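S.K.: sequence first, then the predicted structure, then my questions.
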Amino acid sequence: MNFLMNLLILGPKKIASYVEWAGPLIARIVVGYTFMLTGWGKLTNLPLVVENFKSWGIPFPEFMTPFVASWEFFGGLGLILGLMTRICGGALAIVMVVAIVSAKLSDIDSLETLLGFEEATYFAIFTWLAISGAGKASIDCLLERLYSKSN
């Protein structure tokens, strides 16, 4: 039993501990870059996106469109940098819930369908980042260290 525990659980855990900074960094860069680009696309095409928001039944589309587009752009940039990661991740997770409810709700006929949406995957990653934080390779971590030294 000790052999299996070491081989399957403790050994991989020890190896992973050397690169644990990489998981959050990779997740932040991938989803951050994606949302920075989609946010920029919305910001540069606001009239078209306002019409989409209207068709999805999102209230106050003239306000919500630039609001959401800005969160996507600046939230994505924040995730890439690892700056205010918990705030950016939490806000973008909420954006994904709204996206699913407003644009995809009528398509959901099972848990499999819901979990098959890319918005559900983004929601999971954003929620993980909001709870776990940016990791060691981030501006958040640097600021935390500087703050703890000054106090």
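M.R.: Good, I have the coordinates.

S.K.: and the helices in this protein?
M.R.: Remark: helices assigned in the chain by DSSP state H are 2-5, 11-17, 22-43, 46-55, 61-81, 85-99, 111-116, 118-132, 139-150.

S.K.: let's have those helices in a markdown table, adding distance to Leu105 and mean neighbour count.
M.R.: Using the backbone N, CA and C atoms, a C-beta is placed for each residue, glycine as well. Formatted as a markdown table, the helices of the chain follow (distance: least, CB to CB, whole Å; neighbours: other CB atoms under 10 Å):
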| stretch | distance to Leu105 | mean neighbour count |
| --- | --- | --- |
| helix 2-5 | 45 | 8 |
| helix 11-17 | 38 | 10 |
| helix 22-43 | 20 | 18 |
| helix 46-55 | 14 | 14 |
| helix 61-81 | 17 | 19 |
| helix 85-99 | 10 | 20 |
| helix 111-116 | 9 | 12 |
| helix 118-132 | 11 | 17 |
| helix 139-150 | 34 | 12 |
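
S.K.: can you redo the ones you listed as CSV with mean pLDDT?
M.R.: Formatted as CSV, the entries for those read as follows, by pLDDT from 0 to 100:
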stretch, mean pLDDT
helix 2-5, 93
helix 11-17, 94
helix 22-43, 98
helix 46-55, 95
helix 61-81, 97
helix 85-99, 97
helix 111-116, 95
helix 118-132, 98
helix 139-150, 96
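
S.K.: quick check: Asp107 touching Gly116?
M.R.: No - Asp107 lies out of contact with Gly116 (CB atoms under 8 Å); the separation is 9.7 Å.

S.K.: can you tell me the closest non-neighbouring residue to the residue nearest the centre of the chain?
M.R.: Here the mean C-alpha position of the chain is nearest to the C-alpha of Phe126 (CA atoms, centre = their mean), at a distance of 2.9 Å. Counting by CB to CB, 6 or more residues apart in numbering, Phe126 lies nearest to Ala93, which is 3.8 Å off, once chain neighbours are set aside.
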